[in-house]
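J.: sequence unknown, structure follows:
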């Protein structure tokens, strides 16, 4: 092998090493930002389920602000830490099947405003992740969010849209000592029911999956925590 060829190989090797080190450095510097952004996204989804009716300074929010912040998910980023530092706590619930699980509690002036728990299950193409929020009665849906899924845009992917998630607010999962099974209609829901929500056009399988895992997860938390504490 000629000397010029060896020099070319050495030069290429040096360039590869330098580029690798530079990329590793950039990745390391960005990791903290990526992790923080992921944490903020998770906190926004929790807040959408808990749906505070007050600002981070404790003053009441208007209905328009509640919709913008906690249905559309546009809560000001600078307010997010304040909510979690001052109003939101996380407890561990021992589910009868599945072991320890997270339960978020929103309190103001020492009084429980709402609860939220994670839920997930299969849609048509993917696992749909969710947080389900309940009023202090541990029975009425206060807010809900569906995210981080691979459902078809314009069909099952509509589960992430504000219009679909708003359908769940005020629906009842527990009444008179019995579970009320949440159902997602094929089209418009019967307005007279307390547990039926409008469906997504052309997305029956996604809707069926959502109603299945929301009901199943609520039942697990109800058996492990809500039913006992509701009676107090």
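T.: In hand now; what should we look at? If you're wondering where the values come from, they're calculated on a predicted model, not measured in any experiment.
J.: partners of the strand ranked longest in the chain in the sheet?
T.: Longest strand of the chain, by residue count under DSSP state E: strand 111-122. In the sheet, strand 111-122 lines up against strand 99-108 (antiparallel), strand 127-135 (antiparallel) (DSSP bridges).
J.: Any chance of CSV for those strands, columns mean pLDDT and mean neighbour count?
T.: C-betas here are computed from N, CA, C, even on glycine. CSV is the format used below for these (pLDDT from 0 to 100; neighbours: other CB atoms under 10 Å):
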stretch, mean pLDDT, mean neighbour count
strand 99-108, 96, 16
strand 127-135, 98, 22
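J.: so can I have TSV of the ones you listed showing distance to residue 59?
T.: Putting these into TSV (distance: least, CB to CB, whole Å) gives the following:
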stretch	distance to residue 59
strand 99-108	11
strand 127-135	21
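J.: what separates residue 136 from residue 55, distance-wise?
T.: Per CB to CB, to the nearest Å, residue 136 is found 19 Å from residue 55.
J.: Residues touching stretch 51-60, excluding its own?
T.: 61, 65-66, 70-71, 79, 82-83, 86-87, 106, 108, 113-114, 133, 142-143, 169 (CB atoms under 8 Å, 6 or more residues apart in numbering).
J.: how about that stretch: buried residues?
T.: 51, 52, 53, 54, 55, 56 (16 or more other CB atoms under 10 Å).
J.: Would you mind checking the contacts of stretch 51-60 for buried ones?
T.: Buried among the contacts of stretch 51-60 (16+ other CB under 10 Å): 61, 66, 70-71, 83, 87, 106, 113-114, 133, 142-143, 169.
J.: For residue 121, state which of those is nearest.
T.: Nearest to residue 121 out of the buried ones among the contacts of stretch 51-60 is residue 133 (CB to CB; 17.3 Å).
J.: surely residue 145 meets residue 164?
T.: No. Between residue 145 and residue 164 there is no contact under CB atoms under 8 Å: 10.3 Å.
J.: more crowded one of these two?
T.: Neighbour tally, residue 145 and residue 164, criterion other CB atoms under 10 Å: the higher count belongs to residue 145, 25 against 21.
J.: what bridges to that one?
T.: residue 131.
J.: how close does residue 123 sit to residue 52?
T.: In terms of CB to CB, residue 123 sits 28 Å off from residue 52.
J.: which stretches of the protein have low pLDDT?
T.: For the chain, the stretches with pLDDT under 70 are 1-34, 231-232.
J.: got the contact list for residue 155?
T.: Applying CB under 8 Å, 6+ apart, one finds that residue 155 lies in contact with 200, 201, 202, 203, 206.
J.: at 6 Å what do you get?
T.: The contact partners of residue 155, by CB atoms under 6 Å, 6 or more residues apart in numbering, come to 202, 203.
J.: Residue 92 bridge partners, please.
T.: In this entry, residue 92 is beta-bridged to residue 102, by DSSP bridges.
J.: Compute the number of surrounding residues for it.
T.: Look at residue 92: counted by other CB under 10 Å, it has 9 neighbours.
J.: now the strands for this protein?
T.: Going by DSSP E, the chain shows strands at 88-95, 99-108, 111-122, 127-135, 141-147, 174-175, 178-179, 183-184, 196-197.
J.: Please compute how far the longest one lies from its chain's middle.
T.: Meaning strand 111-122. 9 Å (CA atoms, centre = their mean, to the nearest Å).
J.: contact partners of that strand?
T.: Residues from elsewhere that reach strand 111-122 (CB under 6 Å, 6+ apart): 46, 49-50, 103-106, 127, 129-136, 142, 209, 213-214, 217, 221.
J.: Also the second one?
T.: When contacts are defined by CB under 6 Å, 6+ apart, strand 99-108 is touched by residues 46, 50, 87-95, 113-117.
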